[in-house]
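# Here is my input; please provide its structure:
(one chain, ligands or ions: 4)
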Amino acid sequence: MSKVLGKVYTENDADLKYVKDKNIAVLGYGSQGRAWVLNLLDSGLNVKLGLEREGNSWKKAQEDGVKPMKTEDALKGADIVIFLVPDMVQRKIYAEKVKPVLKPGMDLVFAHGFNIHYKLIQPPENVDVYMAAPKAPGPSVREFFVKGGGVPVLVGVNQDYSGQALQKALAIAKGLGATKAGVLETTFKEETETDLMGEQLDLVGGLTAMLRATFHTIVDLGYRPEMAYFEAINEMKLITDQIYEKGLSGMLRAVSDTAKYGGLTVGTYVINDDVKKRMKEKAERIKSGKFADEWIEEYDEGSKNLASLMDDLDNSLEEQVGRELREIVLRGQPKK
Ligand SMILES: NC(=O)C1=CN([C@@H]2O[C@H](COP(=O)(O)OP(=O)(O)OC[C@H]3O[C@@H](n4cnc5c(N)ncnc54)[C@H](O)[C@@H]3O)[C@@H](O)[C@H]2O)C=CC1
Ligand SMILES: CC(=O)[C@](C)(O)C(=O)O
Ligand SMILES: [Mg+2]
Ligand SMILES: [Mg+2]
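Ligands and ions are numbered 1, 2, ... in the order given. Presented below is the predicted three-dimensional model:
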């Protein structure tokens, strides 16, 4: 029994029978979509892949031995519709393709609560709305499954018309392999807001900004960029691997005493109360819905700021050095 976690669902708490005879339409074959389609098919479920265009995803699915079809065709006779197109695209596909064929008793399933929580999609009362949110990038969802395991998934129920929404969410999570690890329960609000906070404050936002700031601090003092890249960026994976396996204190015990002392004293000097105040400001912005409004507006105007930020990053010194150094690093990587 766990001392601090809420209920953790594992293999025996979930039964595929709740979704086994249902027709499942998965919309999208990107990072998550590919992993979901392949894992759910391998788990023996009836999955149809629906795509809007015969583009890259279409080709990739065919290469994987999956038969893609037009969204409309995948939705024919569907009982369960799983949204794995980008968050900003879901409302359009819902309005144009799903809503017209939505019948009482159907299920709408999400991998992230954004569209439901921020009311971009407002389903009628007579359908189930639930989520299975993998706490890992899509490629890991597939890789763990293929190796006989699974990544942790959060399940949550927003509407339980059938009275079986939680069982179905757990069944989908099991089909993804997640009950091999553990499935935790959440709400759409909690999952959406904490997911955004994590990715903005550290995983995606804070981390890249910190790596780049450290890189430039070292380079600005006159050291060579390749030294800075190794120290400030490349080695981060090895440190986070230690945290992943052994926790923060386990990582600290794996590095030298010199690193331990320097790290513990300087880390909190750099990431100080002032930084935490700024983090809180941005976390509040997520809670208030202001971040969602900003992102929707940016997307609707063509994501120009996003594209230009990505361009700047691609052209940065750290990425130029990184592209060359990674060839050396990856050459020495043990074969999988
Ligand atoms: N990427 C990840 O690892 C994670 C994603 N999620 C959630 O999973 C869902 C899917 O996200 P990803 O897998 O990252 O998406 P993605 O961007 O990797 O894949 C999107 C799929 O939708 C298609 N698509 C893209 N633009 C489209 C458009 N305008 N019209 C129609 N189809 C379009 C693409 O061809 C592709 O098949 C989102 O709700 C996301 O928040 C949740 C956990 C982690
Ligand atoms: C991979 C993941 O869970 C993220 C960072 O939240 C996302 O891609 O949105
Ligand atoms: Mg996430
Ligand atoms: Mg996210």
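
# Buried residues, stretch 95-107. List them.
When neighbours are counted by 16 or more other C-beta atoms under 10 Å, the buried residues of stretch 95-107 are found to be 97, 98, 102, 106, 107. The C-beta positions use only the backbone N, C-alpha and C, and glycine is treated the same way.

# near ligand 2, which residues of the protein show up?
For the chain, the residues found near ligand 2 under the criterion C-beta under 6 Å from any ligand atom are 137, 195, 199, 203, 204.

# run the last query once more with 8 Å
Taking C-beta under 8 Å from any ligand atom as the criterion, the neighbours of ligand 2 within the chain are 31, 112, 133-138, 195-196, 198-199, 203-204.

# Of these, which belong to strands?
Applying DSSP state E to the residues of the chain next to ligand 2, the entries found in strands are 133, 134.

# Which members of the residues of the chain next to ligand 2 are the farthest-apart pair?
Greatest spacing in the residues of the chain next to ligand 2, by C-beta to C-beta: 138 and 196 (17.9 Å).

# What are the contacting residues of stretch 35-48?
Outside of stretch 35-48, the residues that reach it under the criterion C-beta atoms under 8 Å, 6 or more residues apart in numbering are 16, 19-26, 29, 49, 61, 64, 66, 69, 73-74, 78, 82, 84, 111, 134, 138-139, 141-142, 145, 172, 174-177.

# Wait, residue 260 touches residue 250, no?
No. When contacts are counted by C-beta atoms under 8 Å, residue 260 is not listed as touching residue 250 (11.9 Å).

# on that earlier part again, which single one of the buried residues of stretch 95-107 is nearest to ligand 1?
Checking the buried residues of stretch 95-107 against ligand 1 by C-beta to the nearest ligand atom gives residue 97 as the nearest, at 9.7 Å.

# Which member of the buried residues of stretch 95-107 is positioned nearest residue 273?
Top of the list for closeness to residue 273, among the buried residues of stretch 95-107 and by C-beta to C-beta, is residue 107 at 45.5 Å.

# any low-confidence regions in the stretch 101-250 of the chain?
By pLDDT under 70, the stretch 101-250 of the chain has no low-scoring segment.

# who's more crowded, residue 260 and residue 250?
When residue 260 and residue 250 are compared on other C-beta atoms under 10 Å, the one with more neighbours turns out to be residue 260, at 15 against 12.

# Not counting residues beside it along the chain, what's closest to the more buried one?
Spatial nearest neighbour of residue 260, excluding adjacent residues (C-beta to C-beta, 6 or more residues apart in numbering): residue 252 at 5.1 Å.

# just to revisit the earlier point, who has more neighbours out of residue 138 and residue 196?
Neighbour comparison, residue 138 and residue 196: the larger count goes to residue 196, with 22 against 18 (by other C-beta under 10 Å).

# gap between that one and residue 295?
For residue 196, the distance to residue 295 equals 9 Å [C-beta to C-beta, to the nearest Å].

# that older thread, part of a helix, is the residue nearest to residue 260?
Yes. Residue 252: assigned to a helix according to DSSP: H, G, I helix; E, B strand; the rest coil.

# any idea how far residue 206 is from the residue in the chain that ligand 4 sits nearest to?
Per C-beta to the ion, the residue of the chain with the smallest distance to ligand 4 is residue 195, at 4.4 Å. Taking C-beta to C-beta as the criterion, residue 195 is separated from residue 206 by 14 Å.

# Show me the domain layout of the protein.
Domain assignment for the chain by automatic domain parsing gives 8-186, 197-331.

# Which of the ones you listed has the highest mean neighbour count?
For those, average neighbour numbers computed from mean count of other C-beta atoms under 10 Å are highest in domain 8-186, which has a mean of 19.

# do that one and ligand 1 meet at all?
Yes. Figure legend: domain 8-186 in contact with ligand 1 (C-beta under 8 Å from any ligand atom); contacting residues 27-34, 51-53, 55-57, 71, 83-87, 89-90, 92-93, 110-112, 114-115, 133-141.

# Which of the residues you listed fall in helices?
The helices, defined by DSSP state H, take in 31-34, 56-57, 71, 87, 89-90, 92-93, 114-115, 138-141 from the residues of domain 8-186 next to ligand 1.

# just the buried residues of stretch 95-107 that are near ligand 4?
The overlap between the buried residues of stretch 95-107 and the neighbours of ligand 4 (C-beta under 5 Å from the ion) is empty.

# Reformat those residues as JSON lines; add secondary structure.
As requested, those are arranged in JSON lines below (three-state DSSP):
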{"residue": "97", "secondary structure": "helix"}
{"residue": "98", "secondary structure": "helix"}
{"residue": "102", "secondary structure": "coil"}
{"residue": "106", "secondary structure": "coil"}
{"residue": "107", "secondary structure": "strand"}
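
# Can I get those residues in JSON lines including distance to residue 299?
Converted to JSON lines, the buried residues of stretch 95-107 look like this (distance: C-beta to C-beta, whole Å):
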{"residue": "97", "distance to residue 299": "19"}
{"residue": "98", "distance to residue 299": "19"}
{"residue": "102", "distance to residue 299": "24"}
{"residue": "106", "distance to residue 299": "27"}
{"residue": "107", "distance to residue 299": "26"}
